[in-house]
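A.B. asks: predicted model, plus sequence, below.
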Amino acid sequence: MFERSGDSILNLNIEEVVLNKKPIDASFIGEWDELLNRVDSSCMFFSYWFLTSWHQLFSPDSELVNFAIRKNNRLVGMIPLIKDGSGLTLAGDPELFDYQQLIIEKDMEREVINTFFDYLSQKDWKVLEFPSVASNLQKNVLMEIADQRGYSIKAEQVSVCPILDLPNSWDVYVSSLRKKYRHELRRKIRRIESTGDVSHISINSPSDTDINEFFRLMRLTSDAKSAFLKPSIEEFFRLLIRNASERNCVNLSFLEFNTKRVAGCLLFDYQNDFMLYNSGYDSSNRQLGAGLINKAYAIKEAIEVGRSRFNFLKGSERYKYELGGIDTPIHNILISKK
């Protein structure tokens, strides 16, 4: 169930939808999904299934409040926050949510954010934190409106999210890469294909065996990835994959070399993006270049199915630029009362 409390400010209505462990109305989830299709950029991390999967496993005792904003009864904005005393933090863990954003219908950013701050002015709060905002528009509007209201503001770039705009063919994509990277990619593909039998497979309904293979490859990548893959993270990944599979938006891809899986990628095929959430490869066969090649083949698949972007998600790993990624900055924004 969920609790509602609301108020009407100007011509918009805002209500607090407090989510807990019990199911919420299917009609509200439907409104949520419809709004996600009207935002300016892909917002998978704040889909109902992703957000509640995280809350269920990692923060079940915290108060998760979705500030829902309507115009003429149409849901036009949602701002999911964790309440902690007089502090409010945009929901989600930056380690698992590669970036965060306010869920706002395109071209309504200023109106919705103004309404949100009008509503907060009636409440008892001291600090409002947005840990990893990737939208420059939202960042700028948040800071401008907070400044107009006399709040203290601190903004700091904390990471980047490289994104690749996809052309309509693989050949055009490869030709668009910088000369050095283009030649290196072609060389690696020729070498592995001349060394043994190579195939790239994509699985949209992964079995437990498939998921376990992906975890095996993650652990073989590096000690850091192996340490990251704690039992709680495995459980979270399994839950995400199951939920995404039910919505036909998961893609677990593997590169097979001589019938053995040597690299894997966990991708989400969401709205018009292929999103590379995590990956792994057998580092004992590093000379094969399997990790990079598997990602390149995932880009090829994204082009073939007509997606417009390949989102490498958070981090400045070298391969993202070798494959054509262009940085989008990610900022931490802290707003507080003076």
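C.D. replies: Thanks, I have the structure now.
A.B. asks: got the contact list for the residue nearest to Lys338 when sequence neighbours are not counted?
C.D. replies: Spatial nearest neighbour of Lys338, excluding adjacent residues (CB to CB, 6 or more residues apart in numbering): Ser152 at 5.3 Å. Glycine gets a C-beta too; all of them are placed from N, C-alpha and C. By CB atoms under 8 Å, 6 or more residues apart in numbering, Ser152 lies in contact with 335-338.
A.B. asks: which among those residues gets closest to Phe50?
C.D. replies: Taking CB to CB as the measure, Ile335 is the one of the contacts of Ser152 closest to Phe50, at 24.8 Å.
A.B. asks: quick one: neighbours of the closest one, just the number.
C.D. replies: By the criterion of other CB atoms under 10 Å, Ile335 has 24 neighbours.
A.B. asks: which other helices and strands contact the host helix or strand of it?
C.D. replies: Per DSSP states H and E: Ile335 is located in strand 326-336. The contact analysis (3 or more CB pairs under 8 Å, 6 or more residues apart in numbering; DSSP states H and E) places strand 326-336 against strand 127-133, helix 136-148, strand 152-165.
A.B. asks: how about it: buried residues?
C.D. replies: 328, 330-335 (16 or more other CB atoms under 10 Å).
A.B. asks: quick check: mean pLDDT of stretch 28-38?
C.D. replies: For stretch 28-38, the mean pLDDT works out to 92.
A.B. asks: check stretch 72-83 too.
C.D. replies: 93.
A.B. asks: now swap in stretch 142-152 and tell me
C.D. replies: Stretch 142-152 shows a mean pLDDT of 96.
A.B. asks: shaky segments in the chain?
C.D. replies: Along the chain, segments meeting pLDDT under 70 span 1-10, 20-23.
A.B. asks: quick one, strands of the stretch 201-338 of the chain?
C.D. replies: 250-257, 260-270, 273-281, 309-311, 326-336 (DSSP state E, counting those that start in this stretch).
A.B. asks: pipe those into CSV and attach distance to Ser62 per row.
C.D. replies: Below are those laid out as CSV (distance: least, CB to CB, whole Å):
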stretch, distance to Ser62
strand 250-257, 27
strand 260-270, 25
strand 273-281, 23
strand 309-311, 28
strand 326-336, 19
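A.B. asks: and Asn243, which of these is closest to it?
C.D. replies: Proximity to Asn243 (CB to CB) singles out strand 250-257 among the strands of the stretch 201-338 of the chain, at 8.5 Å.
A.B. asks: partner strands of the closest one, with direction?
C.D. replies: Here strand 250-257 has these sheet partners by DSSP bridges: strand 198-203 (antiparallel), strand 260-270 (antiparallel).
A.B. asks: how is the chain divided into domains?
C.D. replies: Domain ranges of the chain: 2-160+330-336, 167-307, per automatic domain parsing.
A.B. asks: what's near enough to touch the closest residue to Lys106 other than its chain neighbours?
C.D. replies: In space, and not counting its chain neighbours, Lys106 is closest to Asp40: 4.5 Å by CB to CB, 6+ apart. Contacts for Asp40 (CB under 8 Å, 6+ apart) come out as 104, 106, 109, 135, 137.
A.B. asks: buried ones only from the residues you listed, please, as a PyMOL command.
C.D. replies: Applying 16+ other CB under 10 Å to the contacts of Asp40 leaves a buried subset, and the PyMOL line that selects it is:
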select buried, resi 104+109+135
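A.B. asks: got the contacts of Asp40 as JSON lines, with distance to Phe274 columns?
C.D. replies: Output for those, formatted as JSON lines (distance: CB to CB, whole Å):
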{"residue": "Ile104", "distance to Phe274": "24"}
{"residue": "Lys106", "distance to Phe274": "21"}
{"residue": "Glu109", "distance to Phe274": "26"}
{"residue": "Ser135", "distance to Phe274": "19"}
{"residue": "Leu137", "distance to Phe274": "23"}
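A.B. asks: which of the contacts of Asp40 are the two that sit furthest away from each other?
C.D. replies: Lys106 and Ser135 (11.1 Å).
A.B. asks: what number of residues lie near Ser121?
C.D. replies: Counted with other CB under 10 Å, the neighbours of Ser121 add up to 10.
A.B. asks: what do you get for the one 5 residues further on?
C.D. replies: Around Lys126 sit 11 other residues, with neighbours defined as other CB under 10 Å.
A.B. asks: cool, Leu292 as well?
C.D. replies: With other CB under 10 Å as criterion, Leu292 counts 22.
A.B. asks: which residue packs closest to it, ignoring adjacent ones?
C.D. replies: Tyr319 (5.3 Å).
A.B. asks: quick one: residues contacting that neighbour.
C.D. replies: Going by CB under 8 Å, 6+ apart, Tyr319 touches 291-292, 295.
A.B. asks: make JSON lines from those and add distance to His200 to it.
C.D. replies: As requested, the contacts of Tyr319 are exported to JSON lines (distance: CB to CB, whole Å):
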{"residue": "Gly291", "distance to His200": "13"}
{"residue": "Leu292", "distance to His200": "13"}
{"residue": "Lys295", "distance to His200": "10"}
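A.B. asks: ok, so of those residues, who is nearest Asn272?
C.D. replies: Lys295 (18.8 Å).
A.B. asks: quick one: residues contacting that closest one.
C.D. replies: 265, 276, 279, 319, 323.
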